[in-house]
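*Asks:* could you look at this predicted model? Sequence included:
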Amino acid sequence: MRHVRLLIVLLCIGTLAGCMEQQKKMGANTFGDDLAFLKKHTDVIVLSDKTGDGRVTVVPQMQGRVMTSTAGWQNGFSFGWINRELVASGKFVEHMNVFGGEDRFWLGPEGGQFSIFFKNGVPFDLDHWFTPAPIDTEPFELVTKTKSRAVLKKDMQLENYSRTVFNLRADREVRVIERSDAVELLGVTPAPKVKMVAFESVNKVTNTGEKAWEKETGLLSIWILGMFNPSLGTTVVVPLNKGPVNKLGAIVNDAYFGKVPADRLAVKDGVLFFRGDGQYRSKIGLSPLRAKPVLGSYDAANHVLTVVQYSKPRGVMDYVNSMWELQDEPYKGDVVNSYNDGPSEPGAKPLGPFYELESSSPAVALKPGETISHIHRTFHLQGPEADLNTIAMATLGVTIDEIKSAF
């Protein structure tokens, strides 16, 4: 199917509408296709903006994740990546159930002595890595819903590598953002030809136990991950704070799966570019000193600009470290991450493929009854490149041409 889509990109040299029509004819999924598939296999909540064209799907059975969205209702482009094979199987697999979804709730840290993905004393390798069931296979409870919002919750107990037990409640609200509100948040007014859908998840974690959470025994963070459909023309864009390494630290952490090659990662005048083509397994992250509260991507094959905003408290430096090792600095972790999927070794099957845009909350020592919250917003804008260019400059600080010529 990937080869078919590549052929479509090469052949579709006409209008955007013509290209989308060709994709539909060749079997690429519209939002209506994806919605029908999801309804066949699980309960789906469909949220809508006032126009009715902007739609967002929420699946309580899959931890209340936003599976996909569209700016064009039934025949519109479906922005989220969905693992149809796994969803259709109705089965769970070991380690992690990669259902997909463009806004899913996770908790960190993933690695280190305070990891909630590794049991005490085991090696930090894939064979011993397991996603906790409450954020992998267990459903969230739907509390209430309206036309444009859904509220969910989940009580859970987790134990970290150091055998610290956490009792907590996760509260999650998914809201559709109306176009008028999106204009304020983005700081720019999209041209009439630009289709848009926007939503945010408001995520809270409350310590429901009897003991305070302490740095010495491990803290948690809220971790939101968005999984999107890749293309050979997709580039992730991450604005960053410029400054010397001796003051702000390394520009980027690209050591998660081995150093990222120069033809896949570039830094140019305060902006980081990273390939989101689903062809090479790699991951990057930015520290709180380097990260700004925005990142995004541009899919040149489908003329889709994606912008992600997230809550980043000023002056807070403690973020969990998810590196797979015992750590000297367990609270010197990344604020934002991007993952590009691909084979783990030559000839192996990729998880997707997909690419991810991720954000994390700080690590906070919560007393019993205290709460931490984290907001993650996603904006999808689709239309003529000339119109998207204005939005890219206003939100990410670069032009569409700069993104397309980054590599």
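*Replies:* It's in. Numbers count the residues shown, from 1 in each chain.
*Asks:* for the stretch 151-300 of the chain, which segments are assigned as helices?
*Replies:* All helices of the stretch 151-300 of the chain, identified by DSSP state H, counting those that start in this stretch, fall at 179-186, 245-248.
*Asks:* out of these, deepest packed?
*Replies:* Greatest average neighbour count among the helices of the stretch 151-300 of the chain goes to helix 179-186 (a mean of 16), per mean count of other Cβ atoms under 10 Å. All C-beta spots, glycine's among them, are computed from the backbone N, C-alpha and C.
*Asks:* next one: Lys119 from Val58, what distance?
*Replies:* As for Lys119, its distance to Val58 is 32 Å (criterion: Cβ to Cβ, to the nearest Å).
*Asks:* more neighbours: which of these two?
*Replies:* Val58 (27 against 14; other Cβ atoms under 10 Å).
*Asks:* could you find the closest non-adjacent residue to that one?
*Replies:* Nearest non-adjacent residue to Val58, counting by Cβ to Cβ, 6 or more residues apart in numbering: Ile45, 4.3 Å away.
*Asks:* for the one you found, give me the pLDDT.
*Replies:* Listed pLDDT for Ile45 reads 98.
*Asks:* what distance do you get for it to Lys147?
*Replies:* Per Cβ to Cβ, Ile45 is found 10 Å from Lys147.
*Asks:* so which of those two has more stuff around it?
*Replies:* Using other Cβ under 10 Å, the more surrounded residue of Ile45 and Lys147 is Ile45, with 18 against 11.
*Asks:* next, the contact list for that one, please.
*Replies:* 57-60, 142, 145, 150 (Cβ atoms under 8 Å, 6 or more residues apart in numbering).
*Asks:* and it, how close does it get to Thr51?
*Replies:* Distance from Ile45 to Thr51, by Cβ to Cβ: 19 Å.
*Asks:* what does Ala300 give?
*Replies:* Distance of Ala300 to Thr51, computed by Cβ to Cβ: 26 Å.
*Asks:* higher neighbour count, these two?
*Replies:* Ala300 (17 against 14).
*Asks:* out of the contacts of Ile45, which sit inside helices?
*Replies:* Here DSSP state H is the test, and the contacts of Ile45 give no hits in helices at all.
*Asks:* on that earlier part again, right, and the helices of the stretch 151-300 of the chain - which one's nearest Tyr256?
*Replies:* Closest approach to Tyr256 among the helices of the stretch 151-300 of the chain is made by helix 245-248 (19.3 Å; Cβ to Cβ).
*Asks:* can you give the contact residues for the closest one?
*Replies:* Residues contacting helix 245-248 (Cβ under 8 Å, 6+ apart): 241, 251, 287, 289-290.
*Asks:* tell me which of the residues you listed is nearest to Ser231?
*Replies:* Closest to Ser231, out of all of those and judged by Cβ to Cβ, is Ile251, at 26.3 Å.
*Asks:* let me see the contact set for Asp401.
*Replies:* Contacts of Asp401 (Cβ under 8 Å, 6+ apart): Asn389.
*Asks:* is it fair to say it lies in a helix?
*Replies:* Yes. When DSSP: H, G, I helix; E, B strand; the rest coil is applied, Asp401 is found to be in a helix.
*Asks:* pLDDT score assigned to it?
*Replies:* Reported pLDDT for Asp401: 98.
*Asks:* hang on, isn't Asn207 packed against Leu366?
*Replies:* Yes. With contact defined as Cβ atoms under 8 Å, Asn207 counts as touching Leu366 (4.0 Å).
*Asks:* now the common contact residues for those two.
*Replies:* With Cβ under 8 Å, 6+ apart as the test, Asn207 and Leu366 both reach Trp213.
*Asks:* across the sheet, point out what pairs with the most centrally placed residue in the chain.
*Replies:* The chain has Gly226 as the residue nearest its centroid, 2.0 Å off, counting by Cα atoms, centre = their mean. Beta-bridge partners for Gly226, by DSSP bridges, are Leu357.
*Asks:* what is the neighbour count of Pro343?
*Replies:* Pro343: 14 neighbours (other Cβ under 10 Å).
*Asks:* could you find the closest non-adjacent residue to it?
*Replies:* Distance criterion Cβ to Cβ, 6+ apart; nearest residue to Pro343, sequence neighbours excluded, is Pro350 at 5.3 Å.
*Asks:* let me see the residues that make contact with the helix or strand encompassing Thr390.
*Replies:* Taking DSSP states H and E as the criterion, Thr390 maps to helix 385-396. For helix 385-396, contacts defined as Cβ under 8 Å, 6+ apart pick out 186-188, 190-191, 193-194, 237, 239, 271, 294-296, 298, 303, 305, 307, 381, 398-401, 403.
*Asks:* quick check: Glu94 vs Val238, distance?
*Replies:* Glu94 is 32 Å from Val238, by Cβ to Cβ.
*Asks:* neighbour count: these two, which is higher?
*Replies:* Set side by side, Glu94 and Val238 show more neighbours around Val238, with 26 against 9, by other Cβ under 10 Å.
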